[in-house]
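> sequence plus the predicted model coming up.
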Amino acid sequence: MEIATALRTAAIVVSTALLVPAAAPVLPMQNAPSRAGMSLNGSWTTLVDPYNFGYLDYHDQPYPDGGIGANRIPKSKSDHEELGIPNTSPLLNVPGDWNTQRADLMLYEGTLWYKREFDYAPRPGRRLFLWFGAANYQAVAFLNGKKLGEHQGGFTPFQFEVTDVVKEHGNALIVMVNNQRRPEGVPATQTDWWNYGGLTRDVRLLDVPQTFLEDYSIQIQKGAPGRVAGWVRVNGPQSRQTVTVRVPEAGASVQVATDEQGFARFAFPATLTLWEPERPKLYDVVLEAGPDRVADRIGFRTVETAGQRILVNGKPVFLRGVSIHAEAPFRGGRVFSEAEARTLLTWARDLGCNFVRLAHYPHDEAMVRVADEMGLLVWAETPVYWAIQWENPATYASAERQLAEMIARDKNRASVILWSVANETPLGDVRLKFLSSLVAKAHELDSSRLVTAATLTHYTDDRTIAVDDPLGQYLDVLGCNEYIGWYDGTPDKLDRIAWKTPYNKPVVLSEFGAGALAGYHGDDETAWTEEYQANIYRHQVAMFQRIPFLQGTVAWILMDFRSPRRPVPHIQDYFNRKGLYSIRGEKKQAFYILRDFYLSFKQ
Ligand code: GCB
């Protein structure tokens with residue numbers, strides 16, 4: 001009996017060990033997609049491993065050599081090695097979720113092994129990194145049988161240095177990806193979106209000099225427009241370096257010396273045309289440190305609040321917004337290409353938006369880069385969603401890590417004005433401590449942007465809704481979600497509701513909406529018809545105009561998206577149908593109601 005209990009306990013410990021990385025990897029380098037090297041996108045051989053047999057032995061203990069990761073090669077024709085990914089194994093495309101590539105993987109949640117071989121001639125004096133745009137949810141990477149490290153969190157990039165591991169021919173890269181939902185994860189086990197698994201974004205081998213420009217932040221100097229300020233960090237043996245930062249078009253530049261840690265701050269005058277939605281001016285910015293050179297496209301703008309207003313470049317702006325999931329238009333599955341990002345953002349612009357909420361996790365970097373180009377303001381968000389384990393320090397560590405990775409990646413994007421730390425989380429003291437710590441972290445990592453969260457509201461009487469989440473005292477902007485007319489009463493209820501807030505801070509309605517199947521018609525009291533959805537939007541828009549302190553509205557959602565929580569046959573078929581567009585790009589009637597409201601701001 002005791003032995004059985006001990007074994008069970010051991011099994012639990014080991015399973016947890018599989019899922020919790022020993023040490024977090026360092027943050028990946030800035031602007032990785034622009035770096036020299038080689039794309040590792042394409043066809044990878046794969047192996048579906050629902051029992052983690054490739055990582056854990058029959059007593060649930062991790063193989064000391066990494067199991068499948070060790071890349072054991074059969075030694076003779078009678079060697080019946082099972083722990084391997086033969087070259088004849090099924091292929092999957094990278095980037096890409098596995099769910100939409102093979103019908104039998106649509107519902108799969110577990111481990112899948114990826115393998116790809118490559119040749120690369122390392123040049124003397126250079127360093128090599130393996131960079132992953134994202135892997136959902138946990139990844140363990142091996143190169144030529146050596147374990148490189150692990151990463152947790154499905155939506156942010158990570159990298160491993162492989163300078164001493166890469167050889168000229170026949171490199172074997174093996175990655176274990178596991179997308180099992182887990183109670184201690186971020187997000188946890190309930191989400192209203194599909195848990196797409198796999199190497200969902202680009203994979204690259206990055207080739208940089210010994211000492212390279214690892215990270216930089218370049219913005220307008222707070223409180224001093226007309227000056228550019230920031231910092232730069234080099235990584236490598238020559239930590240003391242001269243770094244040049246240039247904005248050629250503005251004829252502005254600066255030279256700074258990095259310290260022992262490779263770090264330097266800088267500030268210099270520059271006459272700049274500011275980035276704003278109507279005129280999204282981007283400048284080429286070039287950084288040089290010894291033999292290393294990085295080029296970026298950066299916009300300069302300020303964002304701040306004044307009482308209940310949001311100011312961009314000192315001018316009040318009303319956020320005409322829509323939420324977007326990283327669901328690929330036309331094909332479904334997780335977005336991974338710039339073309340798909342462009343389609344979604346063009347649809348948002350056609351709706352009259354100046355603002356998009358990238359729900360509910362960091363989207364592909366292409367999304368914020370295209371938003372920079374198109375002049376769309378962005379709300380970027382961590383996957384702290386609904387109920388997670390507020391008391392669990394590992395959960396907090398994961399949330400903070402994912403927040404830090406998002407800010408690290410996107411801190412030079414002018415489009416991003418808001419970091420959101422959470423969506424619709426239940427009130428309570430531990431949650432308040434958790435989220436206020438995340439807010440503090442976001443402010444510490446980036447003092448130039450505003451921090452928000454999508455909160456829940458409550459009624460103080462049957463006609464009055466209060467936006468008064470105690471988290472509001474820490475936030476710069478309060479988001480709040482409401483579904484009056486859909487989850488909450490009938491559309492006419494919207495005509496009776498008044499709103500109040502105790503906060504002298506901007507409030508944004510970060511979600512509202514209703515479900516409709518594109519092409520399904522009826523009267524405006526028939527659920528799921530386009531008419532019903534449009535009717536709710538009509539009443540919503542009328543209500544918005546009666547909320548004096550409102551600084552923005554964010555429709556839920558731009559396009560229908562796949563969700564396991566949406567089974568209604570013939571209507572939902574596992575899609576959340578609140579899109580203003582169908583996945584085929586058809587506009588529903590509600591699109592035009594909201595577009596007319598948004599266009600009215602331009603007159
Ligand atoms: C919400 C959630 C969002 C859901 C949406 C819905 O409040 O924030 O993730 O998808 O409602 O459609 O119910």
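It's in.

> who in this protein is up against the ligand?
Within reach of the ligand by Cβ under 6 Å from any ligand atom, the chain has these residues: 192, 360, 423-424, 481, 511, 556, 576, 578. Placement of C-beta: from N, CA and C, glycine included.

> among those, which one lies nearest to residue 31?
When those are compared for distance to residue 31 (Cβ to Cβ), residue 360 comes out closest, at 25.2 Å.

> who touches whichever residue of the chain sits closest to the ligand in this structure?
In the chain, the residue found nearest to the ligand is residue 192; the distance is 3.6 Å by Cβ to the nearest ligand atom. Taking Cβ atoms under 8 Å, 6 or more residues apart in numbering, we find residue 192 in contact with 563, 565-566, 576.

> of the residues you listed, buried ones?
Neighbour-count burial (16 or more other Cβ atoms under 10 Å) is assigned, among the contacts of residue 192, to 563, 566, 576.

> could I get the contacting residues of the closest residue to the first one other than its chain neighbours?
Setting aside the residues directly before and after it, residue 563 is nearest to residue 576 in space (Cβ to Cβ, 6 or more residues apart in numbering), at 4.5 Å. When contacts are counted by Cβ under 8 Å, 6+ apart, residue 576 is found next to 192-193, 515, 557, 560-563, 565-566.

> now the strands: where do they sit in the stretch 451-600 of the chain?
Using DSSP state E, counting those that start in this stretch, the strands assigned to the stretch 451-600 of the chain run over residues 458-461, 464-466, 477-481, 498-500, 507-511, 550-555, 561-562, 575-576.

> from the chain's centroid, how far away is the fourth one?
Right, the one you point to is strand 498-500. Relative to its parent chain, strand 498-500 has a centroid offset of 32 Å by Cα atoms, centre = their mean, to the nearest Å.

> hang on, the earlier thing: so the residue of the chain closest to the ligand: helix, strand or coil?
coil (DSSP: H, G, I helix; E, B strand; the rest coil).

> three-state assignment of the residue most central in space within the chain?
Of all residues in the chain, the one closest to the mean position by Cα atoms, centre = their mean is residue 362, 0.8 Å from it. Under three-state DSSP, residue 362 falls in the coil class.

> picking up where we left off before, just put the contacts of residue 576 in TSV and tack on pLDDT.
As requested, those are exported to TSV (pLDDT from 0 to 100):
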residue	pLDDT
192	98
193	98
515	98
557	98
560	99
561	98
562	98
563	98
565	98
566	98
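
> check what pLDDT the closest residue in space to residue 270 that isn't next to it in sequence gets.
Spatial nearest neighbour of residue 270, excluding adjacent residues (Cβ to Cβ, 6+ apart): residue 252 at 3.6 Å. At residue 252 the predicted local distance difference test score is 97.

> my guess is residue 252 contacts residue 228. True?
Yes - taking contacts as Cβ atoms under 8 Å, residue 252 lies within contact range of residue 228: 6.8 Å.

> pull up the pairing partners for the helix or strand that contains residue 141, direction included.
Secondary structure from DSSP states H and E places residue 141 in strand 138-143. Neighbouring strands of strand 138-143 in its sheet, by DSSP bridges, are strand 146-152 (antiparallel), strand 171-178 (antiparallel).

> so can I have a markdown table of those showing mean pLDDT?
Compiled in a markdown table, those are given as follows (pLDDT from 0 to 100):
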| stretch | mean pLDDT |
| --- | --- |
| strand 146-152 | 97 |
| strand 171-178 | 98 |
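
> of all those strands, which one is nearest residue 208?
Each of these was checked against residue 208 via Cβ to Cβ, and the shortest separation belongs to strand 146-152, namely 16.8 Å.

> between the buried ones among the contacts of residue 192, which is closest to residue 160?
residue 563 (33.0 Å).

> residue contacts, the closest one?
Neighbour list for residue 563: 191-194, 574-576 [criterion: Cβ under 8 Å, 6+ apart].

> so how far is the strand holding residue 141 off the chain centroid?
The chain centroid and the centroid of strand 138-143 are separated by 20 Å under Cα atoms, centre = their mean.

> do the same with stretch 214-226
Relative to its chain's centre, stretch 214-226 lies at 23 Å (Cα atoms, centre = their mean).

> stretch 247-265 too?
Average the C-alpha atoms of stretch 247-265, do the same for its chain, and the two points are 29 Å apart (Cα atoms, centre = their mean).

> ok, residues contacting that stretch?
Applying Cβ under 8 Å, 6+ apart, the contact partners of stretch 247-265 are 211, 214, 228-236, 239-246, 266-272, 283-286, 289.

> what distance separates the start and the end of that stretch?
This stretch, stretch 247-265, spans 16 Å end to end (Cα to Cα, to the nearest Å).

> buried ones in it?
Those would be 247, 250, 252-254, 256, 258, 262, 264, for stretch 247-265 by 16+ other Cβ under 10 Å.

> and the residues you listed as CSV, adding secondary structure?
Below are these laid out as CSV (three-state DSSP):
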residue, secondary structure
247, strand
250, helix
252, strand
253, strand
254, strand
256, strand
258, coil
262, coil
264, strand
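
> what two of those have the greatest distance between them?
Spatially, the most separated pair among those is 250 and 262, at 26.4 Å (Cβ to Cβ).

> list the residues that contact the nearest residue to residue 276 once chain neighbours are set aside.
With Cβ to Cβ, 6+ apart as the measure, residue 313 is the residue that lies nearest to residue 276, at 5.6 Å, once sequence neighbours are left out. Counting by Cβ under 8 Å, 6+ apart, residue 313 touches 225, 274, 276, 301-302.

> mind listing the helices for the stretch 251-400 of the chain?
With helices called from DSSP state H, counting those that start in this stretch, the stretch 251-400 of the chain shows them at 338-350, 365-374, 393-410.

> rewinding a little: and the gap between the residue nearest to residue 270 and residue 286?
Residue 252 sits 11 Å away from residue 286, going by Cβ to Cβ, to the nearest Å.

> with residue 239 instead?
Here the criterion is Cβ to Cβ. By it, residue 239 lies 21 Å from residue 286.

> and what of residue 573?
Relative to residue 286, residue 573 is positioned 50 Å away (Cβ to Cβ).

> looking at these two, which one has more neighbours?
Each of residue 573 and residue 286 had its neighbours counted (other Cβ atoms under 10 Å), and the higher figure belongs to residue 286 (15 against 12).

> skip the chain neighbours and tell me the closest residue to that one.
residue 246 (4.7 Å).

> and what of residue 297?
Excluding its sequence neighbours, the residue lying closest to residue 297 (Cβ to Cβ, 6+ apart) is residue 282, at 4.4 Å.

> in terms of pLDDT, where does that neighbour sit?
At residue 282, pLDDT is 98.

> same thing with residue 73?
Value listed for residue 73 in the pLDDT field: 86.

> buried sites along stretch 424-437?
Those buried within stretch 424-437 under the rule 16+ other Cβ under 10 Å are 424-425, 431-432, 434-436.

> C-alpha coordinates for stretch 221-229, PDB please?
What follows is stretch 221-229, C-alpha atoms only, in PDB (Å, rounded to 0.1, in the frame of the first residue of the first chain):
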ATOM      1  CA  GLN A 221      11.700  61.000 -24.700                       C
ATOM      2  CA  LYS A 222       8.900  61.200 -22.100                       C
ATOM      3  CA  GLY A 223       8.000  64.800 -21.400                       C
ATOM      4  CA  ALA A 224      10.400  66.100 -24.100                       C
ATOM      5  CA  PRO A 225       9.100  65.600 -27.600                       C
ATOM      6  CA  GLY A 226      11.900  66.600 -30.000                       C
ATOM      7  CA  ARG A 227      14.200  64.200 -28.300                       C
ATOM      8  CA  VAL A 228      14.700  60.500 -28.900                       C
ATOM      9  CA  ALA A 229      15.600  58.400 -25.800                       C
END
